[in-house]
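Peer 1: pasting the structure only:
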Ligand code: NAD
Ligand code: ZN
């Protein structure tokens with residue numbers, strides 16, 4: 001089963017599996033990289049088509065929406081179109097399987113994601129979203145949740161009409177925006193609290209498919225380390241994360257099924 005990996009990486013996967021099988025409190029943080037093999041581009045990938053001249057970091061901000069709400073709204077409608085038919089890959093599936101397995105063991109997994117897609121849920125996982133949900137909308141002025149009464153807007157994947165026209169709030173007239181945490185905005189209080197608690201109390205922290213550049217999420221691994229946890233990173237490319245104990249430098253869709261298979265049979 002481990003045959004397709006180099007001997008060195010195989011040994012590291014086995015080391016990680018042994019460590020994980022011997023510990024009880026595990027905290028996992030996933031980022032855009034875990035959804036890359038499902039066909040959802042990360043923010044580090046160059047954008048394509050109409051959006052190739054824009055950087056994602058310049059569109060996913062409150063300033064960008066204040067300056068040009070139509071541009072930002074159109075971009076999100078395009079992203080929704082892009083993500084709508086995407087399904088979980090073997091990394092999401094393996095994580096869901098592990099979570100299911102721990103229901104009958106004394107291991108405690110807390111799965112936290114920076115992703116705004118719902119591929120963890122589609123795979124059957126319970127997950128804490130730090131950065132919101134691509135399929136929800138709210139008013140940019142009064143924060144009221146926008147329900148898709150008009151059916152003109154992609155408020156759920158069943159309404160595959162990704163209209164680019166701006167929508168206004170029926171209470172205050174403000175523009176409707178995606179319910180996503182943009183760069184420079186604060187994280188949802190409850191989700192962040194749960195994430196901080198899980199990171200400070202875990203024995204192993206696993207970072208999967210995240211560039212470790214976007215704070216405060218990137219600080220969770222440091223918090224775990226300060227409290228004595230071992231850190232495992234799964235990412236084919238090196239990240240600035242210097243506190244890692246075990247690096248599994250391969251795609252999440254390759255590593256996760258192998259790792260989970262090892263853990264659950266140890
Ligand atoms: P990022 O785009 O900054 O980094 C992605 C990381 O994934 C990179 O380090 C890359 O090397 C790694 N990666 C690429 N392919 C991989 C694979 N197959 N397996 C494992 N790792 C792989 O993403 P980020 O760290 O999540 O932070 C950026 C922000 O982007 C987040 O706030 C997030 O909300 C948002 N975002 C979300 C989605 C999504 O919901 N799917 C997609 C793009 C961006
Ligand atoms: Zn409003």
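Peer 2: Thanks, I have the structure now. Fair warning: this is a prediction, and the values are worked out from it, not measured in the lab. Ligands and ions are numbered 1, 2, ... in the order given.
Peer 1: other SSEs contacting the longest strand seen in the chain?
Peer 2: What stands out as the longest strand in the chain, according to DSSP state E, is strand 132-139. Where contact means 3 or more CB pairs under 8 Å, 6 or more residues apart in numbering; DSSP states H and E, strand 132-139 is packed against helix 69-83, strand 176-180. For glycine as for every other residue, the C-beta is placed from the backbone atoms N, C-alpha and C.
Peer 1: contacts for the next helix or strand after the first one?
Peer 2: When you say that, I think you mean helix 69-83. Counting by DSSP states H and E, the next helix or strand C-terminal to helix 69-83 is helix 90-102. With contact meaning CB atoms under 8 Å, 6 or more residues apart in numbering, helix 90-102 is reached by 28, 30, 34-35, 37-38, 88, 108-109, 111, 119-120, 122-126, 208-209, 251-257, 259-261, 263-264.
Peer 1: before we move on, what about stretch 242-255?
Peer 2: Contact with stretch 242-255 is made by 4-5, 9, 12-13, 15-16, 19, 33-34, 36-37, 89-91, 207-209, 221-222, 225, 230-238, 259, as judged by CB under 8 Å, 6+ apart.
Peer 1: give me the number of residues near residue 64?
Peer 2: 18 (other CB atoms under 10 Å).
Peer 1: Can I get the helices and strands packed on strand 132-139 in TSV including mean neighbour count?
Peer 2: Shown next, in TSV, are the helices and strands packed on strand 132-139 (neighbours: other CB atoms under 10 Å):
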stretch	mean neighbour count
helix 69-83	19
strand 176-180	22
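Peer 1: Rebuild these as CSV, extending it with mean pLDDT and distance to residue 139.
Peer 2: Output for the helices and strands packed on strand 132-139, formatted as CSV (pLDDT from 0 to 100; distance: least, CB to CB, whole Å):
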stretch, mean pLDDT, distance to residue 139
helix 69-83, 92, 12
strand 176-180, 95, 6
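Peer 1: Let's see the pLDDT reported for the closest residue to ligand 2 within the stretch 151-266 of the chain.
Peer 2: Here the residue of the stretch 151-266 of the chain nearest ligand 2 is residue 169; by CB to the ion that distance is 3.0 Å. Here, the pLDDT recorded for residue 169 equals 94.
Peer 1: Identify the residues contacting it.
Peer 2: Residue 169 sits next to 139, 141, 142, 144, 146, 175, 176 when contact means CB under 8 Å, 6+ apart.
Peer 1: Buried ones among the residues you listed?
Peer 2: For those, a neighbour count by 16 or more other CB atoms under 10 Å gives the buried set as 139, 146, 175, 176.
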